[in-house]
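Trainee: Sequence and computational prediction follow.
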Amino acid sequence: MTERTSISVIVPAYNEALNLAGTVAAIRAAAAGRFDDSEILVIDDASSDGTGAIADDLARQYPEVKVFHNPRNSGFGYNYRLGVGLATKDHVGLVPGDNEILEESLKDIFDCVGKADMVLPYHTNSGERSFLRRALSGNFTALLNFLFGYKLRYYNGPVVHRRELLAKVPMTTDGFAYQAEILARLLSEGRSYVEVGMKIRIRQHGHSKALYPKNVWSVFKTIARLYWELKIKGRTKPLL
């Protein structure tokens, strides 16, 4: 990092009872010594497997862990937007509660905080994921780069933003394209970024929700709406 600073880490968790404690442990270890202050915002998205109780126990153990329980399952984008509204630190990041991101990679990501407006992680071992998920992710990235004229390696990673900028960005989707929407808007304003490689592990428990048909459909609707707004109607406005 170029300066000492603080970070809020949003941890969306839907039925991640067997993964959540490991996720929080990795975040705490990676943040230790890298920030003046930190908080971990665990959002239990109406889980039915005991995730909420585990989150509450973690909050009792660690003062930096704060827990919020959604009354109904509301989606990844909704949880992120909720977390942004609750965040109090200089920067805001997200780490899914599935414990896929290696602790060493979280350290690499956190080391880059403060070097630019945005820290954009990308996979360096995507072969750990299924062929279908790799194919969809690769096509998604290629499509966004083509439509908006960027050359990013990845749009859906655990991005870290300066909170003051993030608070001004319109967020219109509750689906998995929430980060792509934010990045497209900020990049259209010329915000700076640094990309950093990260490694993931095969999910140890449960399964990903990203490939649910409703989530895939939501992603494409968001992209179409965003392209219409930013490229066709030209509604881009300065954020500051």
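Mentor: That came in fine, so what should we check first?
Trainee: So in the chain, where's the weakest helix or strand by average pLDDT?
Mentor: Every helix and strand of the chain was ranked by mean pLDDT, DSSP states H and E. The lowest is helix 213-227, at a mean of 72.
Trainee: buried residues in the top helix by length along the chain?
Mentor: Longest helix of the chain, by residue count under DSSP state H: helix 131-148. Using 16 or more other CB atoms under 10 Å as the test for burial, helix 131-148 gives Leu136, Ser137, Phe140, Thr141, Leu144, Phe148. Yep, even glycine has a C-beta here, placed from its N, CA and C like the rest.
Trainee: nearest to Gly22, of the residues you listed?
Mentor: Ser137 (23.1 Å; CB to CB).
Trainee: Can you give me the distance of the closest one to Ile200?
Mentor: Applying CB to CB, to the nearest Å, the value for Ser137 to Ile200 is 12 Å.
Trainee: what's the answer for Pro158, then?
Mentor: 10 Å.
Trainee: Need the overlap of contacts for these two.
Mentor: Listed as contacting both Pro158 and Ile200 by CB atoms under 8 Å, 6 or more residues apart in numbering are Ile101.
Trainee: Show me where this protein dips below the pLDDT cut-off.
Mentor: Filtered on pLDDT under 70, the chain yields the residue ranges 1-4, 127-130, 203-217, 234-240.
Trainee: Skipping adjacent residues, who's closest to Tyr154 in space?
Mentor: Tyr122 (3.7 Å; CB to CB, 6 or more residues apart in numbering).
Trainee: The one you found and Glu195 touch, don't they?
Mentor: Yes - Tyr122 is in contact with Glu195 according to CB atoms under 8 Å; the separation is 5.9 Å.
Trainee: Show me the common contact partners of those two, please.
Mentor: With CB under 8 Å, 6+ apart, Tyr122 and Glu195 have common neighbours Leu152, Arg153.
Trainee: Quick check: nearest residue in space to Pro71, chain neighbours excluded?
Mentor: Closest to Pro71 by CB to CB, 6+ apart is Ala46, at 6.6 Å.
Trainee: count of neighbours near the one you found?
Mentor: When neighbours are counted by other CB atoms under 10 Å, Ala46 registers 14.
Trainee: check contacts around it.
Mentor: Tyr14, His69, Asn70, Pro71, Arg72, Asn73, Ser74.
Trainee: Would you mind measuring from it to His161?
Mentor: Counting by CB to CB, the gap from Ala46 to His161 is 26 Å.
Trainee: again with Ile202
Mentor: Distance from Ile202 to His161, by CB to CB: 28 Å.
Trainee: if I read this right, Glu39 contacts Val24, doesn't it?
Mentor: No - judged on CB under 8 Å, Glu39 makes no contact with Val24 at a distance of 11.7 Å.
Trainee: Which neighbours do those two have in common?
Mentor: In contact with both Glu39 and Val24: Val65, using CB under 8 Å, 6+ apart.
Trainee: Who has more neighbours out of those two?
Mentor: Neighbours per residue (other CB under 10 Å) separate Glu39 from Val24, with Val24 holding more: 26 against 19.
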